[in-house]
Structures are given as structure tokens and as C-alpha cells.
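**Student:** dropping the sequence and predicted coords here.
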Amino acid sequence: MNPNAARVTTLGLCPDAKIRQCLPTGLASLDALLSHGQNAGFPRGAISEILGPESSGRTTLVHSLLAASTAQLEICAYVDTDDSFDPVSAAAAGVALSQLVWIRCGHNAGHALKAADYLLHAGGFGAIVLDLCQVPPRISNRIPISYWYRFRRAIENTPTILALAEKEPIARSCAALMLDTERKKTIWTGAPGCSLLREVELEAASRKPVRPAAAAFNARSLA
Amino acid sequence: MMFACIHGPCAGLPQIAAAFSPAFEQTAPDTVVFRVDGLQRMHGSPRQIADAIARQAGDELNIAIAETADAAILAARNFPGVTVAPSLNGLDISTLPLTDEMAAVFESWGIYTLDQLAQLPETGLAERFGPSGVYLQQLARGAIHRPLKIFQPETTYEDRIELDHPVSLLEPLLFLIARLLNDQCARLLSNAMAANEVTIRLELEDSTEHTLTLRLPVPMRESKSLLKLLQMDLEAHPPTGPTIALALSLKPVHPRTVQTGIFLPVTPAPDKLELTLARIRGIVGENNVGIPELLNTHHPHPFRLANAQPQIANPQSPIPNPQHAFRYFRPPLPATVELERNRPLRITASGIHGKVLNAAGPWRTSGDWWTTTAWNRDEWDIALSNGALYRIYSNPHWFIEGSYD
């Protein structure tokens, strides 16, 4: 037996080595992308990173995750670093707002991390979203890696999903899943001059674990 | 079994009854009833027991001893002085708790006394009046055997301590609060109650008062959790001077009962969650933690943050198809917009600038013009050359409200 292989598994660096429960998102293509044998969806008891530039579909994916979790009658939390959460589009995506704790952190990433820490250690949540989408990389890159180890340790062996929405990866080795999102196409209807934003075609690719294919799905506009 | 009833206008009836039995029922403000079986060895026959009670109670009160509690109550209310094993036969039927309709029916039947009612066929009474008719007949026969509703003195949840020396530090003050809280939570527990409001009143050395009220979204009775919440509240709103006396009061309510299920997912314990949210409120501010609630309005921000705990909603229909999410910029970004034929052509704002590739609008909304918070604006959805989708509006100054993500 290769002793190095055993060490890698013990340190938890190989996400596939552990069989985790997952939360299916209800999006067939995304669940197929995130399938691990019998399980498909966001891994429970682990950190998932949803990455992408502005308007790439990160928040749409976060709302799908919250909708799936609240549909399972779980309590969720949204740590809103930059006060950007829109309850209207979340409710339209199927999020049961009465099951969602919304924490507005007033553009303070430090407060957001502390709030997330309290929530993770309180336990009992289905999904906790830490929204760092509008935090500049110069600030998010200064978050000590020990935070992410602490968070990973707090939720392992629990059914809680910690989802980080951001521009660039920050939890890195502590994350069990990294999804890159991209907007492939914007569909406008109507003649030029009186058009309407109808829907967007989004694509999610798994950076960790590496999967060759990507999941494509459409998101309708509220208007 | 043997019951004694004391009836009459006397404020000290519970004390008289307590002199003979620790477990008694106060049926009405002027009536108490209790068991006297065990008094025979002390006082002798039922007559001697009645005489002993009469000596304690005085001459103005009626005393009756009967085999059932209700027979004793009827006798004490209708026979003056001391009555032992009375016959209720001759009593008027109006001594029973009759409704007007029942009294009219009995009068039309020619039933005027309890013995006449007792002799009526039970089945016929049940057919005419239902269970209440049968109950009245059993009452007339003196045949209702029921447990007493034991008198419980009203529990108060208010305590006060006067201090020998003024206390100015929070830690010794919390030690004293914990003492009061432990006692009151033990009282709550013994009465199967919980508290949804905690008020602490600190009397300060400068003759002023400092009052803190903690309103809990879910009733609690764990003294440790309540103490922690009070501690955080006192840290956020400390008293202005040394404390010379403190009073703590709880508002008792029935505890919340939740039907749990073996297959339901685990949710945060309400008291632990409240403690966690209180800690987070201490960091991000009182009004920044809660549950989002949609409002029935066309206002651009039709929601609010409610200070409540999350509740499990009814199981929903399958999750709808993905909806394109929106993210607000709070506050909205002031922007400079170049127009061409009244349509946005180029936009410049802090950190955002580019050529407008596509635009949908204007969507004109207005409302609340009858209040001071009126709004009136033109909205546009735009695709910018930087690759992002934004919602912008003019009122008439231009702002970027947020981005589609």
C-alpha cells in the first residue's frame, strides 16, 4: 500500500474519498454535473464555492440552492455582506422566505465572517450562504485561511452546506466544490427600441472536482 | 368518601379550608369544598367534624357534609347552618345550573324539585337535552363523583433585591440577576409555563431608574439562555450609574409546542437560535437581522426585514424553474448617462463604465404621491459593454440600482 495515498485520504484533501450526502438543486443538468454515484447536488457538511464575474449567474445559482433547501423544510441563512439581497427574485425562484434568516452586514466583510461563524456553530441550518460577490479581491484575499479551516471543521459531520458566492476562489483547499458560472447568452425579445430582457442562458462548470462537461440552464427574467 | 363545603360571604375561606385540608377547591369566591375522610380519627363522627369546622368558621357561614362534592355544595348553598348527610329531595330545581330554555321545559313538564327530576327516565332526558340533561339528573341524585380542582395560589414572577452597597460593575450585577432568574425559571418550570418578556428595573444611586425589556420571539424558560440575553442587552445599554436595587419580572405564557417528526430535518433549537441572532445583532446592529417579508406594494423595494424567528412554511409545490436573480447596490450608484434619442448610449459610474449594447425600457413607475415617500421614475434594463446586465433608473437623476446576476 502506498503510504502517501493513505495520508492524502486522512487529511481530507481528496473530496471524493468521503461519501457525502448531497442536496439536489432540482436543475437536472447541474445535478448531473454534481453527481457522486447515487448522490447528486451540493455536498452537505462541506464548503461550496460559486465563482464568477458580475452577471454570470452566481446569485441565480445561490437562489436555486436556497429554494432546494427550504423545500426540504430546512432553515437557511443568508449572510449579506453588501446588503445586496433581493427577496423578490429569491421568492420568485422558490425560496420560502419565512425559513430564511437574512443578515445585513453593511459592507463589512469582518462582520459577515463573524456572523457566519456564529451561525455555523449554532448548528441546525440546512444551508448558509456567505455572499462576498461585491467584496473587492484586495479585501477577500486578506481573509486568513484559518477561517475556512475553522468553518469546514464546524460543519463536517453535519448536514449544513456553506456556500460562498464570490468573484475568485478564497477557501481553495477547504472547499469540496468549486463551480464556475458564466452567462453564455442574453435573450431579448421585441423589436429594437422596444425590447424586453426575457431570459439568460447560464453555464456552470465544476473546477473542483474537475469535470470535463459543463451544465447549461436557462433563467427567466422577472420582468 | 366524604366532602365538606363551606359557603358564605367571607374573604378568608381558603385559610379556613387550609386549616383542615391542604387540598381544597374554591368553586366560587364564596364557596370552598374539601375532603374530610381523614379527619374522623382526629375529630370523630361527621357531625363532630362539621362542628369543628363551624367553630373555626363562625356562625355566619353554612357548612355541609355529604358523600359527593357537588351534593355538599348544593346543601351548603341552600341549607343554613350545619348540615350533615342532607337530603336534597325537597330542593327547588332552580338551585341547579339551568339554562332559561331548560327551566321553561321543566316547568312545562311540571318538574319543580330535585327528587322529581331524579325520577325521570334517563334515556328520555338524554334524548331531549343531551349530555347536559343527564348531568343535571346525576347532580340531583347526588351521584357525580369527580376529583376536586385543587386551589393553586397565583404565582407571581416578580422579585426585587435591595443591595447593601451600590454595584457599578456588570459582573456582580449579573450574579444577582442570575439568582433572581434561577428562582423565577424554577417557578415557570413547576407551573409548566415559559416567559416571552423579561423586564429588569435597576434603581440607581442618583434616584433614577434604568429599565430593560427583552421581548422574546419564542417563549423560553432556560435561565442560562435568558441570562446571556440580558447580559448582551446590558452590555449594549449599560446603566448610567451604580445600582442600589434591582427588580426582575417575567411575563408568563404557555410554552410553544411543536409537533416533531422522525423524518423531518433538524432545525436550530429556538432558544439557541435566539441567542445566536442576539449575538449577531450585537455585531451588525439591531435592525439588520431578521426574516425577509414581501409587502403588497409596487414600491421599488417591496420588502422589509422583520424581527422574528424563522418558521417552517407549508410544504411547497415543486421548485419553479430558475429565475434570473437581481442584486441591489445599496445605496444606488449615481451615474452619468449619455442619451441618444432618449435612450441610454453610454454610462459612467464609480467602478462601472461602458457602452450600452442593448436596453429595454423605459418602465415608468410611480406611487405613494400622497405621502412624503413618493416615488416616480423610469427604469431601464441594460447590457453594458463590460459584460454585465444592470437596472438603471432616472428620477430625473440617473442611478444604477443593481445588477442581474
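**Tutor:** Looks like it arrived, so ask away.

**Student:** do you know the pLDDT at A:V8?
**Tutor:** A:V8 is assigned a pLDDT of 44 by the prediction.

**Student:** swap in B:S317?
**Tutor:** Listed pLDDT for B:S317 reads 66.

**Student:** show me where chain B has helices.
**Tutor:** Using DSSP state H, the helices of chain B run over B:13-18, B:40-43, B:46-57, B:69-78, B:100-109, B:114-118, B:122-129, B:131-141, B:170-190, B:223-236, B:270-284.

**Student:** list the buried residues of the third one.
**Tutor:** The neighbour-count check on helix B:46-57 (16 or more other CB atoms under 10 Å in any protein chain shown) flags B:P46, B:I49, B:A50, B:D51, B:A52, B:I53, B:A54, B:A57 as buried. Just so you know, the C-beta spots here come from the backbone N, C-alpha and C atoms, and that holds for glycine as well.

**Student:** what do you get for the last one?
**Tutor:** By neighbour count, and taking 16+ other CB under 10 Å as the criterion, the buried residues in helix B:270-284 are B:270-271, B:273-284.

**Student:** least trustworthy helix or strand in chain A by mean pLDDT?
**Tutor:** The weakest-scoring helix or strand in chain A, judged by mean pLDDT, DSSP states H and E, is helix A:3-10 (a mean of 44).

**Student:** ah, wrong one, I meant chain B
**Tutor:** Among the helical and strand segments of chain B, the one scoring lowest on mean pLDDT, DSSP H and E is helix B:40-43, with a mean of 88.

**Student:** packing partners of that helix?
**Tutor:** Secondary structure elements in contact with helix B:40-43, counted by 3 or more CB pairs under 8 Å, 6 or more residues apart in numbering or on different chains; DSSP states H and E, are helix B:46-57.

**Student:** residues making contact with the helix it packs on?
**Tutor:** B:2, B:4, B:6, B:8, B:10, B:16, B:19-20, B:36, B:39-40, B:43, B:61, B:63-65, B:82-85 (CB atoms under 8 Å, 6 or more residues apart in numbering or on different chains).

**Student:** 7 Å instead?
**Tutor:** Helix B:46-57 is contacted from outside by B:2, B:4, B:6, B:16, B:19-20, B:36, B:39, B:43, B:63, B:65, B:82, B:84-85, using CB atoms under 7 Å, 6 or more residues apart in numbering or on different chains.

**Student:** same check on stretch B:9-29?
**Tutor:** So stretch B:9-29 is in contact with B:6, B:30, B:32-36, B:39, B:53, B:56-57, B:61, B:73, B:148-151, going by CB under 7 Å, 6+ apart.

**Student:** just grab the bridge partners of the closest residue to B:Y404 other than its chain neighbours for me.
**Tutor:** The shortest distance from B:Y404 to any non-neighbouring residue, by CB to CB, 6 or more residues apart in numbering or on different chains, is to B:L389 (4.0 Å). Assessed by DSSP bridges, B:L389 has beta-bridge partners B:A383, B:Y404.

**Student:** residues in contact with residue 129?
**Tutor:** Going with chain A. Taking CB under 7 Å, 6+ apart, we find A:V129 in contact with A:V62, A:L66, A:Y78, A:V79, A:A163, A:A165.

**Student:** ah, no, chain B please
**Tutor:** Neighbours of B:F129 in contact, by CB under 7 Å, 6+ apart: B:M102.

**Student:** so, low pLDDT: which residues of chain A?
**Tutor:** A:1-19, A:223 (pLDDT under 70).

**Student:** same thing but 80
**Tutor:** Scanning chain A for pLDDT under 80 picks out the ranges A:1-20, A:36-38, A:192-194, A:222-223.

**Student:** what does chain B give?
**Tutor:** Applying pLDDT under 80 to chain B flags the ranges B:59, B:153, B:257-266, B:313-320.

**Student:** now for the longest strand belonging to chain A, which elements pack on it?
**Tutor:** The longest strand of chain A (DSSP state E) is strand A:175-189. Secondary-structure packing of strand A:175-189 (3 or more CB pairs under 7 Å, 6 or more residues apart in numbering or on different chains; DSSP states H and E): strand A:42-43, strand A:46-51, helix A:58-71, strand A:196-208.

**Student:** deepest of these, which one?
**Tutor:** Compared across the helices and strands packed on strand A:175-189, helix A:58-71 shows the largest average neighbour count, a mean of 27 (mean count of other CB atoms under 10 Å in any protein chain shown).

**Student:** can you give the contact residues for that one?
**Tutor:** A:23-27, A:42, A:50, A:52, A:76, A:89-90, A:93-96, A:99-100, A:126-127, A:129, A:133, A:163, A:165, A:179, A:181, A:202, A:204, A:219, B:316, B:319, B:322, B:324-325, B:327, B:405.

**Student:** are any of those buried, and which?
**Tutor:** Of those, these count as buried by 16+ other CB under 10 Å: A:23-27, A:42, A:50, A:52, A:76, A:89-90, A:93-96, A:99-100, A:126-127, A:129, A:133, A:163, A:165, A:179, A:181, A:202, A:204, A:219, B:319, B:322, B:324-325, B:327, B:405.

**Student:** name the surrounding residues that touch stretch B:198-214.
**Tutor:** So stretch B:198-214 is contacted by B:166, B:177, B:197, B:226, B:229-230, B:233-234, B:237, B:239-250 (CB under 7 Å, 6+ apart).
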